[in-house]
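A.B. asks: Give me a model of this one.
(2 chains)
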Amino acid sequence: QVQLVESGGGVVQPGRSLRLSCRATGFTLTNHGMHWVRQAPGKGLEWVAGLWSNGRTRSFADSVKGRVTISRDGFENALYLQMDGLRAEDTAVYYCARDLRYWVYDVWGQGTTVTVTS
Amino acid sequence: QSALTQPASVSGSPGQSITISCTGTSSDVGAYKFVSWYQQHPGKAPKLMIFDVNERPSGISYRFSGSKSGNTASLTISGLQAEDEADYYCSSYTTSNTLLFGGGTTLTVL
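C.D. replies: Model prediction:
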């Protein structure tokens, strides 16, 4: 069964760091581009970052550029999002999503919640 | 970059058809055929409904269709059913090698 399961969310203070994980089952993660999309409470979807299937090409939204890194571990079949210098506006549910082909997301995780508050 | 523009809400009665628009610019919606639509029920993850403007993934009902004209894409749902009530988001690849989502449209089935 093709599935994505996120973890690592929590409540953190502004300026702190958090690492989100996304474990894939039922498919080989490194064969696909993988992305992170977030949704602030009561708001719409916002693309955050993407990692291409080649494992080298990355792209980031302007809102997180310089504060976020995206990586993967083929052995663990997992995707990661390292977030530093967290801000209140980073508060959201973070979803990982599989890229079917060119920015089309056919598999989504259930999301992990990040709350940034003092 | 600003989000793509969608109406905040639309509504229709069972059996009717509705259309949700998604307006961007020549740098996103107007530039490529890479427009997708997602359905999201409350508390759930988004679900892919349409990709490449008018392609349906396996398992998605023929009642869902997409189109595009210039900088505006549209999602049409025909034969409205109660289970179609949800939020709908469009997305488009951009010339900046990023992805933009629309602000979302809440569909109410009366």
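
A.B. asks: and the gap between the most far-flung residue of chain B relative to its centre and residue A:34?
C.D. replies: Centroid-distance maximum for chain B: residue B:96 at 21.3 Å, with C-alpha atoms, centre = their mean. Distance, residue B:96 to residue A:34, using C-beta to C-beta, to the nearest Å: 20 Å. In this view, the C-beta of every residue, glycine as well, is placed from N, C-alpha and C.

A.B. asks: For chain A, which residues are neighbours of chain B?
C.D. replies: For chain A, the residues in contact with chain B (C-beta under 8 Å from any C-beta of the partner chain) are A:35, A:37, A:44-47, A:50, A:59, A:61-62, A:95, A:100, A:102-106, A:108-111.

A.B. asks: if you set the cut-off to 7 Å instead, what comes out?
C.D. replies: Applying C-beta under 7 Å from any C-beta of the partner chain, we find that chain A lies next to chain B at A:44-47, A:59, A:61, A:95, A:100, A:102-106, A:108-111.

A.B. asks: Out of those, which end up buried?
C.D. replies: A:44-47, A:59, A:61, A:95, A:100, A:103-106, A:108-109, A:111 (16 or more other C-beta atoms under 10 Å in any protein chain shown).

A.B. asks: Among those residues, which lie within helices?
C.D. replies: Applying DSSP state H to those, no entry is found in helices.

A.B. asks: quick one: which of the residues you listed sit in strands?
C.D. replies: Among these, DSSP state E puts A:45-47, A:59, A:95, A:105-106, A:108 in strands.

A.B. asks: Which stretches in chain A count as strands?
C.D. replies: Using DSSP E, strands in chain A cover A:3-7, A:10-12, A:18-25, A:33-39, A:45-51, A:58-60, A:68-73, A:78-83, A:92-99, A:105-108, A:112-116.

A.B. asks: what residues are up against residue 19?
C.D. replies: Defaulting to chain A. Contacts for residue A:19 (C-beta atoms under 7 Å, 6 or more residues apart in numbering or on different chains) come out as A:8, A:80, A:82.

A.B. asks: Correction: the question concerned chain B.
C.D. replies: Contacts of residue B:19 were listed using C-beta under 7 Å, 6+ apart, and they are B:74-76.
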